[in-house]
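# Have a look at this prediction, sequence included:
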Number of protein chains: 2
Amino acid sequence: MKILLLHSDYIEYEVKKKTRLAEPFEGKGERVDEALVVFISVEKGDTEDTALKAVEEISEVAKKVNAEKVVLYPYAHLSSNLADPETAVKLLKFMEEKLSSSFEVHRSPFGWYKAFKISCKGHPLSELSREIKGEDIEVTQALR
Amino acid sequence: MKILLLHSDYIEYEVKKKTRLAEPFEGKGERVDEALVVFISVEKGDTEDTALKAVEEISEVAKKVNAEKVVLYPYAHLSSNLADPETAVKLLKFMEEKLSSSFEVHRSPFGWYKAFKISCKGHPLSELSREIKGEDIEVTQALR
Ligand SMILES: [Mg+2]
Ligand SMILES: [Mg+2]
């Protein structure tokens, strides 16, 4: 699993068009202010265990930057080794559920073309990325 | 080299703080409307040949979406195998120069913490990613 965490003034998205992998979604989109936005590529081999580690990482960063809201935003462009859509949606929902005990959680729909606006705050902790593999979390090179 | 191409209504960025890898930069930032914004991780082993292939890809996408402006935005979070900063800046400047013959090109400074706002249009070609390796271009899985 690869995640990119942006501490943001806001994110706003609007669904535009289904892909063939789209999960059912009735809404048009939403805007969330003052959130930790997490772009996520679920990868082949990821399990609930991987997802739990991601939840821990996300929680830790959200607490550090004092974000009370988390937006889970499926993002296929962080990996060239993507999980199948069913697994991806299952793990995203699992993460949503786990994070909901500590944060206000929003999840954008999987498999839709979406227009989006985001404003990233720009402080040193406002852009972080993580690669989470079976047993360990790899802090990407940018952050060492 | 990994690139993420976002066809955008606008991008706006503001430098906030140097990292230890920062290139010299006197400005505060800028706003560019109606642009193809290219987030770029230059990777170990990338050469001018790699950069030229990236320029071809970027040009092709810019033409397809009718973008007259290109913004090169160094982005460390697309790879865990980053080139050294000198090589990265050298290849980014090389790409800037090559693209300038066909587009209005903007390049944001390397190695600075930056706040940014972006608005991605959301049509099917408005978000694409490419992995460019020595001899070939890998279209990331999301796009197959
Ligand atoms: Mg604010
Ligand atoms: Mg516009």
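Noted; the coordinates are in hand. Ligands and ions are numbered 1, 2, ... in the order given.
# which residues in chain A form helices?
A:48-64, A:85-99 (DSSP state H).
# From chain B, how far out is A:Ala88?
To chain B, A:Ala88 is 11 Å away according to C-beta to the nearest C-beta, to the nearest Å. In this view, the C-beta of every residue, glycine as well, is placed from N, C-alpha and C.
# Disregarding flanking residues, what is the spatial nearest neighbour of that residue?
Nearest non-adjacent residue to A:Ala88, counting by C-beta to C-beta, 6 or more residues apart in numbering or on different chains: A:Val42, 3.9 Å away.
# Pipe the helices of chain A into JSON lines and attach mean pLDDT, distance to B:Lys64 and mean neighbour count per row.
Shown next, in JSON lines, are those (pLDDT from 0 to 100; distance: least, C-beta to C-beta, whole Å; neighbours: other C-beta atoms under 10 Å in any protein chain shown):
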{"stretch": "helix A:48-64", "mean pLDDT": "98", "distance to B:Lys64": "34", "mean neighbour count": "18"}
{"stretch": "helix A:85-99", "mean pLDDT": "98", "distance to B:Lys64": "26", "mean neighbour count": "18"}
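# So for B:Arg107, which of these sits nearest?
helix A:48-64 (28.9 Å; C-beta to C-beta).
# list the helices and strands the closest one packs on?
Applying 3 or more C-beta pairs under 8 Å, 6 or more residues apart in numbering or on different chains; DSSP states H and E, one finds that helix A:48-64 contacts strand A:2-18, strand A:29-41, helix A:85-99, strand A:127-133.
# where does chain A dip in pLDDT?
A:135-144 (pLDDT under 70).
# switch the cut-off to 90
A:133-144 (pLDDT under 90).
# what residues does it put near chain B?
A:4, A:14, A:16-17, A:76-82, A:113-124, A:126-129, A:131, A:138, A:140-142 (C-beta under 8 Å from any C-beta of the partner chain).
# Show me how to select, in ChimeraX, the buried members of the residues you listed.
Buried subset of these, written as a ChimeraX selection, criterion 16 or more other C-beta atoms under 10 Å in any protein chain shown:
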select /A:4,14,16,76,77,78,79,80,82,113,114,115,116,117,118,119,120,121,122,126,127,128,129,131,140,141,142
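# Quick check: strands, which of the residues of chain A next to chain B are part of them?
A:4, A:14, A:16-17, A:113-120, A:127-129, A:131, A:138 (DSSP state E).
# quick revisit: now for the residue nearest to A:Ala88: which residues touch it?
A:1, A:74, A:82-83, A:87-88, A:91-92 (C-beta atoms under 8 Å, 6 or more residues apart in numbering or on different chains).
# on that earlier part again, what about the helices and strands packed on helix A:48-64, which gets the closest to A:Val105?
Taking C-beta to C-beta, helix A:85-99 is the member of those nearest to A:Val105, at 4.8 Å.
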